[in-house]
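Trainee: sequence first, then the predicted structure, then my questions.
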Amino acid sequence: MERIVCLLILIIFNATAQDEFIFWAELSNKNLILFHQNETISMAMTKSKKKNLEYACELVYTPSDLKSLVRNDFGMIDEDKMTKLDKFNFLNAHKNDLIDCFFNAKIDVKDFVKSEQASAQSETYVRILPLRFIVEFHDNSAFVYYLK
(Lines give C-alpha, C1' and ligand atoms only; values in the text may rest on other atoms or scores of the structure.)
Protein backbone atom coordinates (compact mmCIF):
# COMPACT_ATOMS: atom_id res chain seq x y z
CA MET A 1 0.00 0.00 0.00
CA GLU A 2 2.81 2.40 0.91
CA ARG A 3 4.52 1.68 -2.40
CA ILE A 4 1.40 2.66 -4.31
CA VAL A 5 1.10 5.92 -2.38
CA CYS A 6 4.78 6.72 -2.99
CA LEU A 7 4.39 5.88 -6.67
CA LEU A 8 1.33 8.14 -6.95
CA ILE A 9 3.18 10.99 -5.26
CA LEU A 10 6.09 10.56 -7.67
CA ILE A 11 3.77 10.53 -10.69
CA ILE A 12 1.92 13.64 -9.51
CA PHE A 13 5.20 15.40 -8.80
CA ASN A 14 6.50 14.64 -12.31
CA ALA A 15 3.18 15.49 -13.95
CA THR A 16 3.10 19.03 -12.58
CA ALA A 17 5.21 21.71 -14.17
CA GLN A 18 8.07 22.48 -11.82
CA ASP A 19 9.29 25.73 -13.36
CA GLU A 20 6.44 27.01 -15.49
CA PHE A 21 4.20 29.92 -14.56
CA ILE A 22 1.28 31.71 -16.22
CA PHE A 23 0.91 35.50 -16.32
CA TRP A 24 -1.98 37.72 -17.40
CA ALA A 25 -3.02 41.28 -16.65
CA GLU A 26 -5.90 43.73 -17.05
CA LEU A 27 -5.70 47.51 -17.11
CA SER A 28 -8.67 49.86 -17.46
CA ASN A 29 -8.97 53.61 -17.54
CA LYS A 30 -11.78 56.13 -17.75
CA ASN A 31 -11.05 59.57 -19.15
CA LEU A 32 -7.32 58.80 -19.11
CA ILE A 33 -7.33 57.96 -15.39
CA LEU A 34 -6.38 54.41 -14.37
CA PHE A 35 -9.21 52.92 -12.32
CA HIS A 36 -8.51 49.18 -12.45
CA GLN A 37 -5.26 47.26 -12.60
CA ASN A 38 -4.87 43.54 -12.00
CA GLU A 39 -1.80 41.40 -12.60
CA THR A 40 -2.00 37.69 -11.89
CA ILE A 41 0.67 35.03 -11.72
CA SER A 42 -0.21 31.39 -11.22
CA MET A 43 1.72 28.17 -11.17
CA ALA A 44 1.24 25.99 -14.23
CA MET A 45 -0.20 22.59 -13.42
CA THR A 46 1.03 20.83 -16.57
CA LYS A 47 4.30 20.84 -18.45
CA SER A 48 4.63 22.23 -21.94
CA LYS A 49 5.48 19.50 -24.41
CA LYS A 50 7.62 21.57 -26.75
CA LYS A 51 9.58 24.33 -25.11
CA ASN A 52 10.77 27.04 -27.48
CA LEU A 53 12.25 29.68 -25.21
CA GLU A 54 12.30 33.36 -26.14
CA TYR A 55 14.02 35.93 -23.96
CA ALA A 56 11.57 38.34 -22.30
CA CYS A 57 13.54 40.35 -19.74
CA GLU A 58 15.91 40.44 -16.80
CA LEU A 59 14.79 41.04 -13.20
CA VAL A 60 17.52 42.55 -11.04
CA TYR A 61 17.53 41.39 -7.43
CA THR A 62 16.61 43.81 -4.68
CA PRO A 63 18.38 43.70 -1.29
CA SER A 64 15.38 41.86 0.20
CA ASP A 65 15.59 39.28 -2.62
CA LEU A 66 19.25 38.67 -1.87
CA LYS A 67 18.39 37.96 1.77
CA SER A 68 15.56 35.52 1.00
CA LEU A 69 16.88 33.50 -1.97
CA VAL A 70 18.28 30.01 -1.31
CA ARG A 71 22.06 29.77 -1.45
CA ASN A 72 24.50 26.86 -1.77
CA ASP A 73 27.63 26.21 0.30
CA PHE A 74 29.64 28.73 -1.74
CA GLY A 75 27.14 31.55 -1.18
CA MET A 76 25.81 31.42 -4.75
CA ILE A 77 22.09 31.39 -5.51
CA ASP A 78 21.06 27.75 -5.90
CA GLU A 79 18.11 27.36 -8.25
CA ASP A 80 18.11 23.58 -7.84
CA LYS A 81 17.30 23.83 -4.11
CA MET A 82 14.58 26.45 -4.65
CA THR A 83 11.03 25.22 -4.42
CA LYS A 84 8.38 26.30 -6.86
CA LEU A 85 6.80 28.31 -4.05
CA ASP A 86 10.08 30.23 -3.54
CA LYS A 87 10.10 31.11 -7.23
CA PHE A 88 6.41 32.02 -7.11
CA ASN A 89 6.96 34.38 -4.15
CA PHE A 90 9.88 36.03 -5.97
CA LEU A 91 7.73 36.58 -9.07
CA ASN A 92 4.86 38.02 -7.02
CA ALA A 93 7.28 40.51 -5.48
CA HIS A 94 8.21 41.62 -9.03
CA LYS A 95 4.73 41.77 -10.63
CA ASN A 96 5.14 45.35 -11.83
CA ASP A 97 8.39 44.48 -13.58
CA LEU A 98 6.72 41.54 -15.30
CA ILE A 99 4.18 43.83 -16.97
CA ASP A 100 7.08 45.58 -18.69
CA CYS A 101 8.52 42.19 -19.68
CA PHE A 102 5.35 40.96 -21.33
CA PHE A 103 4.02 44.17 -22.82
CA ASN A 104 5.02 43.09 -26.33
CA ALA A 105 3.08 39.81 -25.97
CA LYS A 106 -0.45 39.22 -27.21
CA ILE A 107 -2.54 42.16 -26.07
CA ASP A 108 -6.27 42.80 -26.44
CA VAL A 109 -7.26 46.49 -26.51
CA LYS A 110 -10.80 47.88 -26.51
CA ASP A 111 -11.54 51.59 -26.62
CA PHE A 112 -14.96 53.24 -26.27
CA VAL A 113 -15.81 56.92 -26.66
CA LYS A 114 -19.20 58.35 -25.68
CA SER A 115 -19.96 61.90 -26.69
CA GLU A 116 -22.95 64.02 -25.78
CA GLN A 117 -23.15 67.63 -26.89
CA ALA A 118 -20.01 69.32 -25.48
CA SER A 119 -18.72 66.45 -23.30
CA ALA A 120 -16.96 63.22 -24.14
CA GLN A 121 -16.06 60.18 -22.05
CA SER A 122 -13.46 57.66 -22.99
CA GLU A 123 -12.92 54.13 -21.64
CA THR A 124 -9.99 51.90 -22.56
CA TYR A 125 -9.50 48.24 -21.60
CA VAL A 126 -6.14 46.53 -22.07
CA ARG A 127 -5.60 42.81 -21.44
CA ILE A 128 -2.37 40.87 -21.65
CA LEU A 129 -3.59 37.43 -22.64
CA PRO A 130 -2.38 34.49 -20.51
CA LEU A 131 1.09 33.30 -21.41
CA ARG A 132 3.47 30.70 -20.06
CA PHE A 133 6.96 31.57 -18.93
CA ILE A 134 9.88 30.27 -16.92
CA VAL A 135 12.45 32.03 -14.79
CA GLU A 136 16.15 31.19 -14.43
CA PHE A 137 18.04 32.46 -11.41
CA HIS A 138 21.63 33.66 -11.75
CA ASP A 139 24.04 35.51 -9.44
CA ASN A 140 22.88 39.12 -9.96
CA SER A 141 19.52 38.75 -11.66
CA ALA A 142 16.81 36.40 -12.87
CA PHE A 143 16.08 35.88 -16.56
CA VAL A 144 12.51 35.47 -17.75
CA TYR A 145 11.73 33.51 -20.92
CA TYR A 146 8.47 33.05 -22.87
CA LEU A 147 7.43 29.50 -23.66
CA LYS A 148 6.31 29.42 -27.26
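Mentor: Structure's in. What do you need?

Trainee: can you give me the buried ones in stretch 103-115?
Mentor: By neighbour count with 16 or more other Cβ atoms under 10 Å, stretch 103-115 contains the buried residues Ala105. Backbone N, C-alpha and C define where each C-beta goes, glycine included.

Trainee: what about this protein, any weak spots by pLDDT?
Mentor: Along the chain, the parts satisfying pLDDT under 70 run over 1-3, 5-18.

Trainee: ramachandran angles for the residue of it most remote from its centre?
Mentor: Here the chain reaches farthest from its C-alpha mean at Gln117, the gap being 44.2 Å by Cα atoms, centre = their mean. Recorded main-chain torsions at Gln117 are phi 50, psi -110, according to degrees, to the nearest 10.

Trainee: likewise for Asp78?
Mentor: As for Asp78, its main-chain torsions (degrees, to the nearest 10) stand at phi -110, psi 100.

Trainee: what do you get for the one 4 residues further on?
Mentor: Dihedral pair for Met82: phi -80, psi 140, per degrees, to the nearest 10.

Trainee: with the one 10 residues further on instead?
Mentor: Torsion angles at Asn92 (phi, psi; degrees, to the nearest 10) stand at phi -60, psi -30.

Trainee: name the residues of the strand ranked longest in the chain that are buried.
Mentor: Across the chain, the strand with the greatest residue count (assigned by DSSP state E) is strand 119-137. By neighbour count, and taking 16+ other Cβ under 10 Å as the criterion, the buried residues in strand 119-137 are Thr124, Val126, Arg127, Ile128, Leu131, Arg132, Phe133, Ile134, Val135, Phe137.
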